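Student: based on what follows, work out the 3D shape:
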Amino acid sequence: MKKRQLGTSDLFISEISLGGMSLSTDKKQAAAIVDMALDAGINYIDTADLYDFGTNEEIIGATLGKRRHDVVLATKVGNRWTEGVDGWHWDASPSYIKDAIHASLKRLGTDYIDVYQLHGGTIEDDWDGIINTFEGLKKDGLIREYGISSIRPNVLQRFLPASSAKSVMMQYSALDRRPEEWFEFIANEGASVVTRGTVAKGLLTKNWQQRLQHVNGFNTYTAQDLTTTLTNLAFQYDDLHALAIAFNLKEPTIASTVIGTSSQQQLAQTLAAYEKIDSITDFNIVNKLTKNEQYQEHR
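Tutor: Model (predicted):
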């Protein structure tokens, strides 16, 4: 498994990352997936305090155990919930971030987090307070680096130049190319992109035909658009799963593709697809067959 530098940091993360959100709450099943990922050379695990309301962090922390220091561990903050109350609300206040990190550290069973990410954000947030808080956590040794999970250009333009953030998590795939406009800006600010949604809800896998039967479009693609596009892509490329990973990793700004999995079988399929990406070198066809759109909101 190859590794890439996360922005200008000292962290080098695997090109394929394990996303925690899809992990089972069954501890034994989740542990088997995590162990399989680590054995395959994956060293970046992404979770969030919101996933299963903290349970995901607890399971990952318990599973890592003594292997914690072999992993670049990332989690997120900003979506606040109250025990016994349905739903959650946005809270990016410095006081909450300072409280939330200690809760995450306890659940993860560690004394530091490698990459602490703001789990969203709006232009109206107190960015000076947020940045100062992250810098303080870094100075105190509670985090090594920090970043943000956001697809809002105006938020990124406010956050990155004013901070030392090293990571931007964004939805990006051959079926959602909107972030491309911002890759150069992000790289110039010393950060890398870590992608989510790489396989576009399974549409960019070998099971694309089955997935098509359960969706009524994707982003601005209508159902007919999807059928035509995926059929043409499958005709031109042997393995859509491998294409999805290769398409993302062709971008030097992207450090890793976070791919969620709920079973060892799914992880095995991802690892098999990753082994094929070096054979895919011509992206002219996929660029022509897919939409190259830009974000219309939050600019």
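Student: Thr231: how many residues sit nearby?
Tutor: For Thr231, the count of nearby residues is 14 (other C-beta atoms under 10 Å). In short, each C-beta sits where N, CA and C put it, glycine included.
Student: quick one: contacts for the spatially closest residue to Pro161 that is not a sequence neighbour?
Tutor: Distances taken as C-beta to C-beta, 6 or more residues apart in numbering place Glu189 nearest to Pro161, at 6.1 Å, with adjacent residues excluded. By C-beta atoms under 8 Å, 6 or more residues apart in numbering, Glu189 lies in contact with 160-161, 165.
Student: quick one: which of the residues you listed is most hemmed in?
Tutor: Ala165 (25 neighbours).
Student: that one reaches Ile148, doesn't it?
Tutor: Yes - using C-beta atoms under 8 Å, Ala165 makes contact with Ile148 at a distance of 6.2 Å.
Student: list residues touching both of the two?
Tutor: Both Ala165 and Ile148 are contacted by Phe159, under the criterion C-beta under 8 Å, 6+ apart.
Student: if we can go back for a sec, which of the contacts of Glu189 fall in helices?
Tutor: Among these, the residues falling in helices (DSSP state H) are 160-161.
Student: now the helices: where do they sit in the stretch 51-200 of the chain?
Tutor: 55-64, 94-108, 127-139, 153-162, 183-188 (DSSP state H, counting those that start in this stretch).
Student: the inter-axis angle of the third one versus helix 153-162?
Tutor: What it means is helix 127-139. Interaxial angle of helix 127-139 relative to helix 153-162 (axes from the mean of the first three to the mean of the last three C-alpha atoms, to 10 degrees): 50 degrees.
Student: in helix 127-139, what counts as buried?
Tutor: Buried residues in helix 127-139, defined by neighbour count with 16 or more other C-beta atoms under 10 Å: 127, 130-131, 133-134, 137-138.
Student: same check, this time on stretch 23-30
Tutor: Quick answer for stretch 23-30 (16+ other C-beta under 10 Å): 23-24, 30.
Student: turn those residues into a markdown table, including pLDDT, distance to His119 and secondary structure.
Tutor: As requested, the buried residues of stretch 23-30 are exported to a markdown table (pLDDT from 0 to 100; distance: C-beta to C-beta, whole Å; DSSP: H, G, I helix; E, B strand; the rest coil):
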| residue | pLDDT | distance to His119 | secondary structure |
| --- | --- | --- | --- |
| Leu23 | 86 | 17 | coil |
| Ser24 | 82 | 22 | coil |
| Ala30 | 91 | 21 | helix |
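Student: okay, those residues in TSV with distance to Thr205 next?
Tutor: Shown next, in TSV, are these (distance: C-beta to C-beta, whole Å):
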residue	distance to Thr205
Leu23	19
Ser24	20
Ala30	21
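Student: what's near enough to touch Glu83?
Tutor: Contacts for Glu83 (C-beta under 8 Å, 6+ apart) come out as none.
Student: and Asp176, how far is that from Gly217?
Tutor: Taking C-beta to C-beta, to the nearest Å as the measure, Asp176 falls 12 Å from Gly217.
Student: more neighbours: these two, which one.
Tutor: Asp176 (22 against 11).
Student: apart from its neighbours in sequence, what residue is nearest the more buried one?
Tutor: That would be Asn219: by C-beta to C-beta, 6+ apart, it lies 5.6 Å from Asp176.
Student: could you pull up phi and psi at Ala191?
Tutor: phi -120, psi 160 (degrees, to the nearest 10).
Student: gap between the nearest residue to it once chain neighbours are set aside and Phe247?
Tutor: Among residues not flanking Ala191 along the chain, Gly7 sits closest, at 4.3 Å (C-beta to C-beta, 6+ apart). To Phe247, Gly7 is 21 Å away according to C-beta to C-beta.
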